[in-house]
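Colleague: Sequence and predicted structure are below.
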Amino acid sequence: MRIGILSVGPVNVAVQKELGRSLSGAFPDAEAVLLREALTLPREAHDPRRGQYQASKVLSRIQAYPRTLGVDRVLGVTEVDLYVPGLNFVFGVAGSNGAAIISLFRLRPEFYGEPSNQELFLERAAKEAVHEIGHTLSLGHCQNPECVMFFSNSILDTDRKMIGFCGQCKAKISHHVRGSEDVY
């Protein structure tokens with residue numbers, strides 16, 4: 001499985017590379033590659049009243065990428081704050097056609113008034129990246145609060161979970177990757 005990492009707006013390349021390493025380690029036989037293309041944030045996705053971007057409108061632009069760039073999955077990475085109607089914010093979302101997006105905006109400790117901690121920030125970003133790619137492989141939210149597929153309602157949930165899958169989710173991933181011809 002090839003996972004393309006797509007910058008949505010300006011994103012630090014070192015962060016993208018670190019996400020690539022995490023994704024390659026989390027999924028069986030996965031190769032993560034940084035895509036040379038970059039996506040400009042769509043103006044129509046910005047809600048000036050909220051100061052956020054509607055995740056589904058950004059994701060709809062990403063959904064065309066997987067098959068056209070020779071990758072099976074695309075993870076968009078952005079620095080802007082994302083939301084979906086009905087929620088104050090989201091760390092990320094996944095859609096159809098193997099596309100997902102994560103926002104780095106609320107993953108930095110500084111957002112919560114804490115000192116900068118690059119290691120914690122990268123760990124949080126990796127967890128959200130693995131979580132969203134998991135959704136593109138048909139995994140739903142897990143009830144195990146330590147599984148990476150547990151829904152993060154707050155940064156505390158993200159911090160509590162591990163970067164890996166629980167036994168049940170790992171089995172589902174292995175089954176899906178082995179049993180799906182369109183993944184490779």
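Modeller: In hand now; what should we look at?
Colleague: Show me the residue at the heart of this protein, geometrically.
Modeller: Most central in the chain under CA atoms, centre = their mean is Ala129, positioned 3.2 Å from the mean C-alpha point.
Colleague: SS state for it?
Modeller: Secondary structure of Ala129, reduced to three states by DSSP: H, G, I helix; E, B strand; the rest coil: helix.
Colleague: OK, contacts around it?
Modeller: Ala129 makes contact with Leu19, Ser22, Leu23, Leu75, Val77, Gly92, Ile102 under the criterion CB atoms under 8 Å, 6 or more residues apart in numbering. Where you see a C-beta, it was placed from the backbone N, CA and C, and this is true even at glycine.
Colleague: if I've got this straight, the fifth one is in a strand?
Modeller: So that's Val77. Yes - with the criterion set as three-state DSSP, the secondary structure at Val77 is a strand.
Colleague: how many neighbours does the closest residue to it other than its chain neighbours have?
Modeller: Spatial nearest neighbour of Val77, excluding adjacent residues (CB to CB, 6 or more residues apart in numbering): Val11 at 5.0 Å. Using other CB atoms under 10 Å as the criterion, Val11 is surrounded by 18 other residues.
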